[in-house]
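S.K.: Here's a sequence, model it:
(chains A and B)
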Amino acid sequence: MATNGKIIGVNGNLIRVAFTDAVVQNEVAYAKLASGVKLKSEVIRIRGDYAELQVFEDTTGLKTGDDVEFTGELLSVELGPGLLTQIFDGLQNPLPRLATECGFFLQRGKYLHALPRRKKWTFTPVAKVGDKLTAGETLGTVPEGIFKHRIMVPFKIQGTVTVESILAEGDYVIEDVIATLKDGEGKIIDAKMSQFWPIKIPIKQYAERLRPDEPMVTQQRIIDTFFPVARGGTYCIPGPFGAGKTVLQQLTSRYADVDIVIFAACGERAGEVVETLREFPDLLDPRTGKSLMERTLIICNTSSMPVAAREASVYTGVTLAEYYRQMGLNVLLLADSTSRWAQALREMSGRLEEIPGEEAFPAYLESVIASFYERGGVVRLKDGTKGSVTIGGTVSPAGGNFEEPVTQATLKVVGAFHGLSRERSDQRRFPAIHPLDSWSKYEGIIDVAKVSAARHILAEGGDVNQMMKVVGEEGTSMEDFVLYLKSEYLDAVYLQQDAYNDIDSACSAERQKYLFGKVFQILKTPMTFKEKDVARSFFLKLTQITKDWNRVEFQSQEFKNLEVQIFKSVAEAEIHV
Amino acid sequence: MYKVYHRIERIAGSVITVKAEGVAYQELAQVTSGQGISLARVNRIDGDMVDLQVFAGSRGISTESQVRFFGKPMDTPFGDSLLGRVFTGAGVPRDNGPVIEENSVPIGGPSVNPSKRIVPTRMVRTGIPMIDVFNTLVVSQKLPIFSVAGEPYNQLLARIALQAEVDVIVLGGMGLKFDDYLYLKDFLEKNGALSRSVMFVHTASDPIVECMLVPDVALAVAEQFATKGKNVLVLLTDMTNFADAMKEIAITMEQIPSNRGYPGDLYSQLAARYEKAVDFEGSGSITILAVTTMPGDDVTHPVPDNTGYITEGQFYLRKGRIEPFGSLSRLKQQVNGKTRSDHRTIANTMIQLYASFRETLEKQSMGFRMSGWDQKVLKYGERFEKEMMDLSVNIPLERALDLGWTILADCFNPEETGIPSKLINEYWPKKG
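M.R.: Coordinates of the predicted model:
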């Protein structure tokens, strides 16, 4: 039963509350302002007869003696049809509906249902009376946009239940009881289309977890070819500010080969989310021909929104991702940025006066980050279908220094590392992923041996470049010089992509294989030149045509013409041994 | 009606602790001491012990001083009568004008609902090629000017303020040198811009708590103008002083510091201010330009570092010029695709070539022989610095783009620039 308490201290968004009955760690409570407005909070520490709560709102106006109501429920999200295309804050409040009620500004203490209550969904039963089911198995389906949304046996149920009754096909609202289930002890449980699940506990109602072995194509050449990400894998993008983390995330959310993209904007700029909000409805998903928004869900807790809700937002995101994974879908969760989330933890830790770890981050930072990324993965569901949650998190290291705690804790647990470099972004090389420092443990779309040969050329070319800075161009042999030019060529035409060009911004797997084959052939062609200036201008020209080639439709006539032109000029520079 | 307390338990730095009941978090209070009257704000409550930040500092406060609570959080007056006026961070007139007490609005209000924001599409023309061409400023952008002490950042701010087409200018000065304050005021006055400006100024010798209030007050006023349909430009100088003031208070209150003594919530605090930049759908807008001086010219210092992650780009002001490297306007692609078809390409190409120029300079300084290409690049770099980068250059965007083509054509062959053949055909100046 709900208990009550009284505030005995306020420090920023941390309040101290004296209570009499039992309280639960991480339960939700409401702090009541004199005006009657209730502020949502979460218990984060209990000491003797008082509890410490983080308040998800601005605490201005709270006083000693104000009432606090405990609910006994852990911080949860509502799961059900109607989640897709929505924009939530970190606590799953739908922002557009808040805007229609409150106007331009967010009003504290205003909480709305995540899912529309009155919308009717066409339910088709799958389970029959008498079926024996366990949590997460399908009772029926409703169409949600382009997906078949499974209505499942509530995840909280333990053991096997028998279907006592189930509604016939028809239109129902999410709060209608669509089935009644009887558990082993004969207790009757009502199943509705929506259910609640605590965000900090992973949804594990599947048969087994598998190894991620299928590549998730992002249509960014440097990622798919050199540092691939697998479906159900995890990766991180650390980089200093201005290195292009967010642009990269946005392109990934647009082109990644997955069913659903959940974008958790966590403590970042509001403007960036707005771009996604305003552009996605008009962009078409090349796979389905429908608006991109139909496969997208946005959790938006930007930097100026309350910091405690920022901490919740990544968990909200991953819980929703896990929910859709339970339907056999491939989900990509993009978290931007996990450093802001870690900072939220640090702020709370500081207010709790915990003994600080490195850079004042709490000592439990690593285990918290690890358990977050571990919620990704490919699973085989109870009905044999597969679903996956891929997690891509950006990291914003202080000073761009990868040695800092958040980056290091993240690197330990992810399967791919796309390190962005200030140097490359200053040179306007997009994506600014460092080709030598980054790594991936997943298999990509192109033969590993060839990729590593290409990386080798990049490394050697880089060495020559370093050497040239010391001995000058005249002290460099023609052979080395050509190697350097080849590495620059590979960089310019393959690693870099023009994010603002409609065609070059996304390179399909097929085109990547084709292009890589051709570029690799050029790299392996022995070439010699009389003078270095001749060599340089040859490669400049070659780079130019190849870039033009990248900007035309794949396999079009123009594409074929340019290809002929490229290989004609390569043939001229080739030595015939 | 107000409750008055006499018993002050603790005095440290600008923070006093008083035993009081029924006091709300962030409530405003008035402290009367031998040194006069000062406002104060509640910033921690522990049982019946209340910590207050005293705006005028704690000097001269006795254990018997009187503390009176107002029962409401801090606010600021608002109205057109603010235009042309100068105030302190606590809202006291600095210019011998009358005290304004109309339409109080709360400061540090809630943030804008992200779903009510719109994608910014309007360019702010400044007449400075390094901004207009390479890093276009956009309405509702928040952009810091990273600089070091001694650079003419206040002059740059003043010039942008004057040339940008906005309805209202709100200037927030934090830890300003008195001379700089007078310079800004005189400059705006001389050029007839003071009548559309409001200034909130904290000078280096004023109490530190007032420094912390300046951005909040300035932005609260800006927000009011913006919701009434005005396009507002907010200039803040210098945000590093603001962060240092926060650090000072946090340390006084014995908070655990995170990085170089700054409080753990530095990012959130800065973001709460910068995120006030907005373009209201169907109403006005707020654009923020803020100077952040980098101690020791170190961009990894916590203040510029956190700022860089919050703002939509940054300008580096070094040696009296806006550096092309590192300087970035993240919103430029919202507008520079619609100005002229060659805008983006010119911007990218010229910067890439300028990067080669810097590399070549390095090689030259080490005594290497300059190749034919190197010579071309050197010639280009010098012209670029003189004709584009110099801050005294004052030309509209279109003329700056034409100038770009001229410089390129004088120094290179078309294919050496890497510009797509289509644009070369259209814009490359014909010889003869």
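
S.K.: ok, is stretch A:563-577 in contact with chain B or not?
M.R.: No. Applying Cβ under 8 Å from any Cβ of the partner chain, one finds stretch A:563-577 separated from chain B by no less than 11.7 Å. C-beta coordinates here come from the backbone N, C-alpha and C atoms, glycine included.

S.K.: Tell me which residues touch the nearest residue to A:N301 once chain neighbours are set aside, please.
M.R.: Among residues not flanking A:N301 along the chain, A:G90 sits closest, at 3.6 Å (Cβ to Cβ, 6 or more residues apart in numbering or on different chains). Listed by Cβ atoms under 8 Å, 6 or more residues apart in numbering or on different chains, the contact partners of A:G90 are A:56, A:266, A:299, A:301, A:305, A:309-313, A:316.

S.K.: Which of the helices or strands spans A:G90?
M.R.: For A:G90, there is no helix or strand it lies in under DSSP states H and E.

S.K.: Show the pLDDT at it.
M.R.: With respect to pLDDT, A:G90 scores 92.

S.K.: Report the separation between it and chain B.
M.R.: Going from A:G90 to chain B by Cβ to the nearest Cβ, to the nearest Å gives 12 Å.

S.K.: Now for the residue nearest to A:F19 when sequence neighbours are not counted, how many residues are close by?
M.R.: Distances taken as Cβ to Cβ, 6+ apart place A:G5 nearest to A:F19, at 3.8 Å, with adjacent residues excluded. Other residues lying near A:G5 total 25 when counted by other Cβ atoms under 10 Å in any protein chain shown.

S.K.: helix, strand or coil for A:G5?
M.R.: strand (DSSP: H, G, I helix; E, B strand; the rest coil).

S.K.: Tell me the bridge partners for it.
M.R.: Beta-bridge pairing for A:G5 (DSSP bridges): A:F19, A:V68.

S.K.: That one against A:G65, yeah?
M.R.: No. Using Cβ atoms under 8 Å, A:G5 is not in contact with A:G65; the gap is 10.8 Å.

S.K.: Next up, the contacts around the residue of chain A found nearest chain B.
M.R.: Closest to chain B within chain A is A:G399: 3.0 Å, counting by Cβ to the nearest Cβ. Applying Cβ under 8 Å, 6+ apart to A:G399 gives the contacts A:240, B:299-301, B:305.

S.K.: the strands in the stretch 1-150 of chain B, which residues?
M.R.: Here the stretch 1-150 of chain B has its strands, by DSSP state E, counting those that start in this stretch, at B:4-5, B:8-12, B:15-19, B:27-33, B:36-46, B:49-54, B:66-73, B:75-76, B:86-87, B:105-106, B:123-124, B:137-138, B:142-147.

S.K.: what about A:D49, how many neighbours?
M.R.: 11.

S.K.: before we move on, what about A:P212?
M.R.: Around A:P212 there are 22 residues (other Cβ under 10 Å).

S.K.: how near is it to A:Q219?
M.R.: 19 Å (Cβ to Cβ, to the nearest Å).

S.K.: ok, A:Q107 to A:L562 distance?
M.R.: 57 Å.

S.K.: The helix-or-strand element of chain B with minimal mean pLDDT pairs with which strands, and in what direction?
M.R.: When the helices and strands of chain B are scored by mean pLDDT, DSSP states H and E, strand B:257-259 comes last with a mean of 84. Partners of strand B:257-259 in the sheet, by DSSP bridges, are strand B:262-263 (antiparallel).

S.K.: Which parts of the stretch 301-432 of chain B are strands?
M.R.: So, for the stretch 301-432 of chain B - with DSSP E, counting those that start in this stretch - the strands run B:313-318, B:321-322, B:328-329.

S.K.: Count the neighbours of residue 261 for me.
M.R.: Just so you know, I chose chain A. 25.

S.K.: you looked at the wrong chain, it should be chain B
M.R.: So B:G261, with other Cβ under 10 Å, has 12 neighbours.

S.K.: Give me the spatial nearest neighbour of it, chain neighbours excluded.
M.R.: B:G261 sits nearest to B:K247 (Cβ to Cβ, 6+ apart), 5.5 Å away.

S.K.: okay but that neighbour is in contact with B:N259, surely?
M.R.: No. Using Cβ under 8 Å, B:K247 makes no contact with B:N259, being 10.2 Å away.

S.K.: residues in contact with residue 208?
M.R.: Defaulting to chain A. A:379-380.

S.K.: not quite, I wanted chain B
M.R.: Counting by Cβ under 8 Å, 6+ apart, B:I208 has contacts B:14, B:57, B:245, B:248-249.

S.K.: OK, contacts around B:G108?
M.R.: Per Cβ under 8 Å, 6+ apart, neighbours of B:G108: B:74, B:216, B:220, B:272.

S.K.: Let me know the closest of those to chain A.
M.R.: For those, the nearest to chain A is B:A272 (4.8 Å; Cβ to the nearest Cβ).

S.K.: And for that closest one, the neighbour number?
M.R.: B:A272 has 22 nearby residues by other Cβ under 10 Å.

S.K.: Tabulate the CA atom coordinates of whichever strand or helix holds it in PDB.
M.R.: Using DSSP H and E, B:A272 falls within helix B:266-274. Only the C-alpha atoms of helix B:266-274 are listed here, as PDB (Å, rounded to 0.1, in the frame of the first residue of the first chain):
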ATOM      1  CA  LEU B 266      28.600  22.500 -15.000                       C
ATOM      2  CA  TYR B 267      27.300  21.000 -18.300                       C
ATOM      3  CA  SER B 268      23.600  21.100 -17.200                       C
ATOM      4  CA  GLN B 269      24.000  24.600 -15.800                       C
ATOM      5  CA  LEU B 270      25.500  25.900 -19.000                       C
ATOM      6  CA  ALA B 271      23.000  24.000 -21.200                       C
ATOM      7  CA  ALA B 272      20.100  25.400 -19.300                       C
ATOM      8  CA  ARG B 273      21.200  28.900 -20.300                       C
ATOM      9  CA  TYR B 274      22.300  28.200 -23.900                       C
END
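
S.K.: name the helices or strands packed onto that helix?
M.R.: On a contact count with 3 or more Cβ pairs under 8 Å, 6 or more residues apart in numbering or on different chains; DSSP states H and E, helix B:266-274 meets helix A:338-351, helix B:208-227, helix B:239-252, helix B:302-310.

S.K.: can you list the residues of the stretch 101-250 of chain B near chain A?
M.R.: Residues of the stretch 101-250 of chain B lying near chain A (Cβ under 8 Å from any Cβ): B:109-120, B:140, B:227.

S.K.: Pull up the gap between the residue most central in space within chain A and A:K32, please.
M.R.: In chain A, the centroid-proximal residue (Cα atoms, centre = their mean) is A:L334; its distance is 1.2 Å. Between A:L334 and A:K32 the distance is 37 Å, computed by Cβ to Cβ.

S.K.: Good, we can wrap up now.
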